[in-house]
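1. below is the structure, and that's it, no one-letter string:
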């Protein structure tokens, strides 16, 4: 464990003698809408407090994120990434649990959501690439169940808006739900089939691994993640 912590510190701790208050850089951060909703305000707060002359520019993730990391157009990507090449460095930020949401006055808001009831609901699926089915459907299929897909949307916030005005449900990251549940009146319930946590990663090009400003930026990200716990966390 000590070795793991040392490696994390090496990747995110600013260099000795580095003063972020003198930083004048602009950093482009690519992430999904849910990640931005969870971390954006805290990252901005940390940046203003520690490096007021630095600028954080948030952009939504896209198909060219890794190429843009290589080209130096993006300082940091935050989200789920796979099949990365050796020139891209990776830091695991969190394992994000998934929860189900319904509107507060839904008929199942006061009942246990069983696998059968879950499968009988209309589902709003969040997929940036418009993928209709995935691990949840595999888990339901193992029980002989299949859920109807009402719509596929590219963002979690779009799904929440649709859930709040319908009888549908959606499965979303727990930290995002934790930030919105009081404001929206969402009802949160455990997904009644096995789901694997979503791995949230920070990724950047290797040439920025030791750059003091980038290390400071990554330290802000790790602190922002630590400040936001999931539902029940």
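-> Yep, it's here. Quick caveat, the model's predicted, so the values are computed rather than measured.

2. setting the sequence-adjacent residues aside, check what's closest to the residue nearest the centre of the chain.
-> In the chain, the centroid-proximal residue (CA atoms, centre = their mean) is residue 35; its distance is 3.7 Å. Spatial nearest neighbour of residue 35, excluding adjacent residues (CB to CB, 6 or more residues apart in numbering): residue 78 at 5.1 Å. Glycine gets a C-beta too; all of them are placed from N, C-alpha and C.

3. name the element the one you found belongs to?
-> Secondary structure assignment for residue 78, by DSSP states H and E: strand 76-79.

4. next one: that strand to chain centre, how far?
-> 9 Å (CA atoms, centre = their mean, to the nearest Å).

5. coming back round to it: please report how far the residue nearest to the centre of the chain lies from residue 113.
-> 26 Å (CB to CB, to the nearest Å).

6. what do you get for residue 157?
-> Separation of residue 157 from residue 113 (CB to CB): 22 Å.

7. and these two? which has more neighbours close in?
-> residue 113 (20 against 16; other CB atoms under 10 Å).

8. in the sheet, who's paired with residue 202?
-> residue 78, residue 91 (DSSP bridges).

9. that one against residue 93, yeah?
-> Yes: counting by CB atoms under 8 Å, residue 202 touches residue 93, with 5.5 Å between them.

10. now do the helix or strand containing residue 223: which elements does it pack against?
-> Using DSSP H and E, the element containing residue 223 is helix 212-227. Applying 3 or more CB pairs under 8 Å, 6 or more residues apart in numbering; DSSP states H and E, we find helix 212-227 packed against helix 2-12, strand 26-31, helix 33-50, strand 76-79, strand 88-96, strand 198-205.

11. pick the most deeply packed of the ones you listed.
-> strand 76-79 (a mean of 24; mean count of other CB atoms under 10 Å).

12. list of residues touching that strand?
-> 27-32, 35, 39, 61, 65-66, 69, 93, 200-204, 214, 217-218, 221 (CB atoms under 8 Å, 6 or more residues apart in numbering).

13. and stretch 28-43, by the same measure?
-> Applying CB under 8 Å, 6+ apart, the set of residues contacting stretch 28-43 is 56-62, 65, 68, 73-79, 128, 155-157, 172-173, 175-176, 179-180, 200, 217, 220-221, 223-225, 227-228.

14. what about that stretch, average pLDDT?
-> For stretch 28-43, mean pLDDT rounds to 89.

15. could you point out which residue ranges in this protein have low pLDDT?
-> Applying pLDDT under 70 to the chain flags residues 1-16, 228-233.

16. domain parsing for it?
-> 2-95+198-227, 98-190 (automatic domain parsing).

17. tell me the SS of residue 170?
-> strand (DSSP: H, G, I helix; E, B strand; the rest coil).

18. from residue 45, how far off is it?
-> 28 Å.

19. one step back: distance to residue 105 for the helices and strands packed on helix 212-227 - can I get that in a markdown table?
-> As requested, these are exported to a markdown table (distance: least, CB to CB, whole Å):
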| stretch | distance to residue 105 |
| --- | --- |
| helix 2-12 | 44 |
| strand 26-31 | 32 |
| helix 33-50 | 24 |
| strand 76-79 | 33 |
| strand 88-96 | 27 |
| strand 198-205 | 29 |
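
20. of all the ones you listed, which lies closest to residue 132?
-> strand 198-205 (17.8 Å; CB to CB).

21. against residue 157, how distant is the residue nearest to the centre of the chain?
-> For residue 35, the distance to residue 157 - CB to CB - is 12 Å.
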